[in-house]
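Engineer: All I have is the shape, not the residue letters:
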C-alpha cells in the first residue's frame with residue numbers, strides 16, 4: 001500500500017458520507033463555552049464522542065481537569081517507536097453561541113445541512129470540522145499501513161478556546177513531559193483562500209485598548225451650553241485620530257512593528273489577497289503605505305476601533321453628553337514591544353493635549369511564530385505541494401489570534417498550522433460552514449503529511 005492509497009482512503013471517508021455523519025454527530029453537541037449552562041455538553045463531547053473515537057485509533061486517553069475549575073481537557077497519546085518522530089496536535093471542542101433563529105432559511109445550527117458545496121453547522125469550520133479532518137486522516141494512514149501510523153502521536157483538545165484558552169498554558173506546562181514532541185501540527189483558522197492550501201507558522205497578538213472620557217454627570221442642553229462645555233465625544237474622536245488616521249495608518253511609532261525583513265517580504269511576495277464574490281472587497285488606499293495587502297494583513301500591526309459610545313444613538317437628545325467611551329484593538333506581530341502599551345498610549349495622548357482620556361489595556365493575546373529557517377517549514381510545504389500539485393501559501397503568521405505561544409514558547413516546539421476553512425466561512429456568525437471541495441483537499445493533505453511522517457527515519 002502506498003501514499004496514494006492513504007490519500008484515496010481519506011477521500012473515500014468523505015465520498016461515502018461517513019465523514020459527514022461523524023461531523024453531524026459532533027456538531028449536535030451544543031458546546032458553547034461562553035454559556036455556563038453548557039458545561040455538561042462540553043464534557044460529554046470529550047468523554048462520549050472523542051474518547052471512543054481516539055480509542056478506535058489505539059490512542060490511550062484521559063481527561064485532564066482544569067486547575068481553576070473551568071472546562072476539562074482531553075489528552076490522547078499513541079506510542080509506536082522511541083526512534084520515530086512524535087507529533088503533537090491540537091483542537092478545541094467548544095464553539096461560540098449558536099445564534100439560533102439567525103441562520104439562513106432558519107437552519108438548525110446544531111445539525112449539519114449540505115447545500116451545494118457548503119456544509120452548514122456551528123463548529124463545522126471552527127473547530128470540530130478541522131480536528132475531525134485530522135482524525136480521519138490519521139485513521140486513513142493507520143488502516144493503509146495495516147494498523148500502524150509509522151510515528152508517535154499526541155493530541156490535546158481543549159474546551160475553552162472561544163473564551164481565551166484561560167488554563168491552556170498552565171495545563172500544558174504541568175504536562176510538559178507528556179506533551180514532549182518533535183513537531184506541533186494543528187488546524188484552525190482559515191486558509192488564504194478556498195483554492196490555495198496554506199501553512200502559517202504562528203499568529204498575531206491582540207490587545208484591547210479601552211479609552212474613556214468622563215467629564216461630568218448627565219447631559220446638558222446643546223443650545224444653552226454649546227461652545228462653553230467641552231464635548232467628550234469630540235475629544236475622544238480627536239484623541240483616536242492621533243493614534244490612527246482616517247486611512248487606517250498608525251500614527252505612533254511605538255505601535256508599529258520592526259521593519260519587515262527581506263525574508264518575510266520574499267515569503268509573502270506571491271501571496272495575493274483576493275476576496276471571493278460573497279466576501280468584502282478590499283478597501284482602496286487603506287492601511288500602511290508602501291506595503292502589499294498581504295504584508296499589511298500578515299506582517300504589520302493594525303489599530304482598529306471596535307466600538308464607540310456617547311449619548312444615545314437610538315434617541316439622540318439635543319444635549320452635550322458627559323461621557324464617551326471607545327474600545328480599540330491592536331493586532332501586532334512578533335517583535336512589537338507591548339509590555340507597557342497603556343502607558344505608551346497614555347503618555348502620547350497627554351503630550352497632545354488629551355490628559356482627560358483614561359487608558360486601560362485588557363484581553364491580551366501573545367504574538368508568536370516559528371522561524372522560517374526551521375527545516376519543518378520546507379518539509380511541510382513540500383508534502384502539501386506533493387499532494388495537491390499547488391505550492392502552498394506560507395505565511396509568517398495567521399492574521400488573527402490563536403494560543404500558538406503555548407506550544408511555540410512554553411513547550412518550545414516548531415509550530416505548523418494547516419487550516420481547513422476559508423475566509424468566507426462565516427466563523428463566529430450565523431451560517432458557519434465548510435466547503436466540500438476544501439474538505440476533500442484537506443483530507444488528502446493531512447493523509448499525505450501523516451504518511452510522510454511515517455516514512456521519516458528520525459525527526460528533523
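Structural biologist: Nice, thanks for sending it over. Just so we're clear, the structure is a prediction, and the values are computed from it rather than from any experiment.
Engineer: mind checking how far residue 372 is from residue 266?
Structural biologist: Spatial separation of residue 372 from residue 266 under the definition C-beta to C-beta, to the nearest Å is 9 Å. Placement of C-beta: from N, CA and C, glycine included.
Engineer: Of these two, give the one with the bigger neighbour count.
Structural biologist: Summary of the neighbour comparison: residue 372 and residue 266, criterion other C-beta atoms under 10 Å, with residue 372 having more neighbours (15 against 10).
Engineer: And what about that one, helix, strand or coil?
Structural biologist: Applying DSSP: H, G, I helix; E, B strand; the rest coil to residue 372 yields a three-state assignment of coil.
Engineer: ok, it - contacts?
Structural biologist: Applying C-beta atoms under 8 Å, 6 or more residues apart in numbering, one finds that residue 372 lies in contact with 201, 263, 264, 267, 394, 396.
Engineer: Could you pick out which of those residues are located in helices?
Structural biologist: Judged by DSSP state H, the contacts of residue 372 include 263, 264, 267 as members of helices.
Engineer: From those, list the buried ones, please.
Structural biologist: With burial judged by 16 or more other C-beta atoms under 10 Å, the buried subset of the ones in helices among the contacts of residue 372 is 264, 267.
Engineer: Kindly reformat the ones in helices among the contacts of residue 372 as a markdown table containing pLDDT and distance to residue 127.
Structural biologist: A markdown table is the format used below for the ones in helices among the contacts of residue 372 (pLDDT from 0 to 100; distance: C-beta to C-beta, whole Å):
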| residue | pLDDT | distance to residue 127 |
| --- | --- | --- |
| 263 | 93 | 30 |
| 264 | 94 | 27 |
| 267 | 92 | 26 |
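Engineer: between the ones in helices among the contacts of residue 372, which is nearest residue 242?
Structural biologist: The shortest separation between residue 242 and any of the ones in helices among the contacts of residue 372 is 28.6 Å, and it belongs to residue 264 (by C-beta to C-beta).
Engineer: unless I'm mixing things up, the closest one is touching residue 396, no?
Structural biologist: Yes. Counting by C-beta atoms under 8 Å, residue 396 is a contact partner of residue 264 at 5.4 Å.
Engineer: shared neighbours of those two, anything?
Structural biologist: Taking C-beta under 8 Å, 6+ apart as the contact rule, residue 264 and residue 396 both touch 299, 372.
Engineer: quick one on the thing from earlier: next, format the ones in helices among the contacts of residue 372 as CSV and append distance to residue 296.
Structural biologist: Rendered in CSV, the data for these read as follows (distance: C-beta to C-beta, whole Å):
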residue, distance to residue 296
263, 17
264, 12
267, 15
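Engineer: which one of the ones in helices among the contacts of residue 372 is nearest residue 364?
Structural biologist: The shortest separation between residue 364 and any of those is 23.4 Å, and it belongs to residue 264 (by C-beta to C-beta).
Engineer: Which secondary structure state does the nearest residue to residue 341 once chain neighbours are set aside sit in?
Structural biologist: Ranked by C-beta to C-beta, 6 or more residues apart in numbering and with sequence neighbours excluded, the top spatial neighbour of residue 341 is residue 361, at 5.4 Å. The three-state assignment at residue 361 reads strand, by three-state DSSP.
Engineer: Tell me the bridge partners for residue 361.
Structural biologist: residue 209 (DSSP bridges).
Engineer: pretty sure it contacts residue 208?
Structural biologist: Yes. Using C-beta under 8 Å, residue 361 makes contact with residue 208 at a distance of 7.0 Å.
Engineer: mind listing the helices for the chain?
Structural biologist: Secondary structure of the chain by DSSP H: the helices cover 3-15, 18-27, 39-44, 51-56, 128-144, 168-174, 222-225, 232-241, 262-267, 293-298, 341-351, 375-388, 404-405, 436-455.
Engineer: still on that earlier bit, any chance of TSV for the contacts of residue 372, columns distance to residue 120?
Structural biologist: Rendered in TSV, the data for these read as follows (distance: C-beta to C-beta, whole Å):
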residue	distance to residue 120
201	31
263	40
264	36
267	34
394	30
396	32
